[in-house]
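A.B. asks: predicted model and sequence follow; I will ask about them next.
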Amino acid sequence: MNAAKPLLPQGAELAAPVSRTKVYASLTAALCLTLMPWADSIRWLVPDFTLMVLLYWCIHAPRISGLGSAFAFGLVTDVAHGVLLGLNALAYCSAAYVVLLLHRRLEGFAPPAQSLQLAPLFLGKEALVLTLGLAVTRGSADWRYLAAGLLAASLWLPLATLLNHVTGRPIPESEQP
């Protein structure tokens, strides 16, 4: 018989469903980390931790974390940063929508491959916030903020590993050292 790997996870590879408490607690912790008073000299380099955790949950728990969560956390981020109301909410909803469309595909990849596929979304979020902020407020833009999108993509692997460990998701045999 053929000893090929089954298409769907079997046995210990199946993860127990995550609780709403863990999802919203991790999103709240990420929001607090995003809203920390970072020094002005490095603020342009700080990734959007809320978006990163939101996209993680859109991939692994799409029924719990979706567009409603993206909109709510985006509005809280807008109010806390004092920017145009709805700017981050629109960016979060756009990124969450794309991830929800592709969540089955993204679920099948290991975190390093996911980071490569999510990098355009992280960059796109920063570019969308910059260009819409420029168009509406007619101010000047600091394009260094795009570096935060690249840093978010590079931090995806540690974040996914941490959240997999917290939620008890098993590590597939192909990812074990």
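C.D. replies: Done, it's in.
A.B. asks: next, residue 66: phi, psi?
C.D. replies: The phi and psi torsions at residue 66 (degrees, to the nearest 10) take the values phi -140, psi -150.
A.B. asks: how about it, what does it touch?
C.D. replies: Going by C-beta atoms under 8 Å, 6 or more residues apart in numbering, residue 66 touches 58, 96, 100. Where C-beta positions appear, they are placed from N, C-alpha and C, glycine not excepted.
A.B. asks: all helices for this protein, in order.
C.D. replies: With DSSP state H as the criterion, the chain has helices at 20-34, 49-60, 67-81, 87-107, 111-137, 146-154, 156-167.
A.B. asks: between these, which one is closest to residue 43.
C.D. replies: Proximity to residue 43 (C-beta to C-beta) singles out helix 146-154 among these, at 8.9 Å.
A.B. asks: what mean pLDDT does that closest one have?
C.D. replies: When pLDDT is averaged along helix 146-154, the result is 93.
A.B. asks: what does stretch 161-172 give?
C.D. replies: Across stretch 161-172, pLDDT averages out at 81.
A.B. asks: likewise stretch 58-66?
C.D. replies: Here the average pLDDT along stretch 58-66 is 93.
A.B. asks: please tell me how far that stretch is from the chain's geometric centre.
C.D. replies: Here stretch 58-66 is found 11 Å from its chain centre; the criterion is C-alpha atoms, centre = their mean, to the nearest Å.
A.B. asks: next: stretch 44-57.
C.D. replies: Centre to centre, stretch against its chain (C-alpha atoms, centre = their mean), the figure for stretch 44-57 is 5 Å.
A.B. asks: check stretch 31-41 too.
C.D. replies: Relative to the mean C-alpha coordinate of its chain, stretch 31-41 is positioned 17 Å out (C-alpha atoms, centre = their mean).
A.B. asks: mind checking pLDDT for residue 142?
C.D. replies: Residue 142 is assigned a predicted lDDT (pLDDT) of 76.
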